[in-house]
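Trainee: Sharing a model prediction with you, sequence too.
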Amino acid sequence: MIDCNDIIGYSGALHCITHEIGVADPIFISHAHLLNTTDAQNPYEVKAYIKTSSGVNTAKVFWSIDTTLGYNMLSMSLAMNDTFVASIPAQVAGTKVWYYIQAESNSGRTVSKPLVAPGGVYEFLVIGGSGIADVKNNVPKFFEPYPNPANESVMLGYFIPVNEMVEIKLFDINGKELFSLDEPNTSAGTHSLELSVSSLSSGVYTLRFQSGNSSIIRRLVKM
């Protein structure tokens, strides 16, 4: 799957832009993709400016937290001046969300944003928060590092239900300790930190999280 978070802002992947040239009744979609968030309680508003000469028949958002199971569909409503909105439901901290937009004109033409969707879609990560979803957790959580594989830096997130000691260590393939975070009295809730990995050699590394009696292992790939 293509990561379309960083491609051209107005029309999707570069090689697809020329497909719009000379097409009758083209559909123009402008959308500022959603960024990583610490909000695990409120819905995530997807807003898009959609314009076509024959008018917009339908506008939809397709979203998923597991693309192998397919996408959920949300109908977008007209807010004002060719601007359409829909809201993806709030997700638990540590969840990655994939989504794309699809619009159909009154002439029957259909276009997605990004243009390569669902082969390439937008994504964002819920990296923390203190919402209701977090309160329901009663055991420590160590979320998947993001991005993974990583190149320059990686975001680490964790949740602890009570004030507790937290220890995070990074080891290379030979078991050598490369990084250590030791917080003797971390407050209950969801926390995140950014770890620079730019100086590491390419390969597979081990992250170990410990809090109270819980020990959780994650694998990190350095590109």
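Mentor: The structure has been received and is ready for your questions. Numbers count the residues shown, from 1 in each chain.

Trainee: which residues sit in contact with residue 25?
Mentor: Neighbouring residues of residue 25 by C-beta atoms under 8 Å, 6 or more residues apart in numbering: 52-54, 105, 107, 109. For every residue, glycine as well, the C-beta is placed using N, CA and C.

Trainee: Next, give me the two most distant ones among those.
Mentor: Taking C-beta to C-beta as the measure, the contacts of residue 25 span a maximum distance of 10.3 Å, between 53 and 109.

Trainee: more crowded one of the two?
Mentor: The neighbour comparison of residue 53 against residue 109 (other C-beta atoms under 10 Å) goes to residue 109, with 16 against 12.

Trainee: I'd say that one and residue 52 touch.
Mentor: Yes - counting by C-beta atoms under 8 Å, residue 52 is a contact partner of residue 109 at 7.4 Å.

Trainee: Common neighbours of those two, please.
Mentor: Counting by C-beta under 8 Å, 6+ apart, the contacts common to residue 109 and residue 52 are 25-27.

Trainee: Just the ones of the contacts of residue 25 in strands?
Mentor: Mapping these onto strands (DSSP state E) picks out residue 105.

Trainee: any chance of the contacts of residue 25 in TSV, plus pLDDT?
Mentor: Converted to TSV, these look like this (pLDDT from 0 to 100):
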residue	pLDDT
52	94
53	93
54	94
105	96
107	94
109	95
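
Trainee: Identify, from the contacts of residue 25, the entry nearest to residue 196.
Mentor: residue 52 (45.0 Å).

Trainee: if I pick that closest one, what's in contact with it?
Mentor: 25-28, 103, 105-107, 109.

Trainee: Residue 47 versus residue 58, what's the distance?
Mentor: Distance, residue 58 to residue 47, using C-beta to C-beta, to the nearest Å: 16 Å.

Trainee: more crowded one of the two?
Mentor: Comparing residue 58 with residue 47 by other C-beta under 10 Å, the one with more neighbours is residue 47, at 16 against 13.

Trainee: per-residue pLDDT, the closest residue to that one other than its chain neighbours?
Mentor: In space, residue 47 comes closest to residue 85 once its chain neighbours are excluded; the distance is 5.0 Å by C-beta to C-beta, 6 or more residues apart in numbering. With respect to pLDDT, residue 85 scores 97.
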